[in-house]
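*Asks:* dropping the sequence and predicted coords here.
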Amino acid sequence: MDIGAISTRYARALLRTATDVKQEDKVYQDMMTIAHSYIEVPELRHTIAGPMLPKEKKQSLLEAAAGENPVELTRSFISLVLEKDRETVMQFIANAYVTLYRQQKNIIRGKLTTAAHVDAETEQKMRRMVESSTQGTVEFETEVNPDIIGGFILEYDTYRMDASVKTKLNNILNTLKSN
């Protein structure tokens, strides 16, 4: 069984259907929540894959994993996945949907790591800079990591700009060691 091909096939069909009924954004939120649920609750994978749990319970669990109020299309899709005995690949389907959706909408994930919290204006400037260079929309995540001492690390797509004080100090240290 090729998990990648199966999950992509199901995700592509779901995205096509969601787009046709103009619910792709809502289904995207549901699939992101499901993918996140699998990460936050590792037991979910084992529970869903377990043969002893009835399909009705699996349906309830997966709907709960989709968030407070998943759209009807998500509920129907979960039912289809269970009917076809593909529940073991649900995590991969959710991740594939997220990837396909982002490709369709030209969404790039970006991450800004700083030593201290940055204000909303600085975050917006960084977001606009990434959007102008990628010609796409950016889903921006910020992280505070005091270990970088100062400066920032900006990552998006395959690009990484490390302007942290820690990296600069390590570069100076390496230069001194090599001389």
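*Replies:* Great, that's in hand.

*Asks:* and the host helix or strand of residue 169, what's its mean pLDDT?
*Replies:* If you go by DSSP states H and E, residue 169 is part of helix 165-178. In this model, helix 165-178 carries a mean pLDDT of 91.

*Asks:* so residue 169 touches residue 149, yeah?
*Replies:* Yes: contact between residue 169 and residue 149 holds when scored by C-beta atoms under 8 Å: they sit 7.3 Å apart. Glycine gets a C-beta too; all of them are placed from N, C-alpha and C.

*Asks:* so where's this structure shaky on pLDDT?
*Replies:* Applying pLDDT under 70 to the chain flags residues 1.

*Asks:* ranges for the strands of the protein?
*Replies:* In the chain, the segments counted as strands under DSSP state E are 107-114, 137-144, 151-156, 159-164.

*Asks:* need these in JSON lines (columns: mean neighbour count and distance to residue 120).
*Replies:* Listed next are the strands of the chain as JSON lines, based on neighbours: other C-beta atoms under 10 Å; distance: least, C-beta to C-beta, whole Å:
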{"stretch": "strand 107-114", "mean neighbour count": "18", "distance to residue 120": "12"}
{"stretch": "strand 137-144", "mean neighbour count": "15", "distance to residue 120": "10"}
{"stretch": "strand 151-156", "mean neighbour count": "18", "distance to residue 120": "15"}
{"stretch": "strand 159-164", "mean neighbour count": "14", "distance to residue 120": "20"}
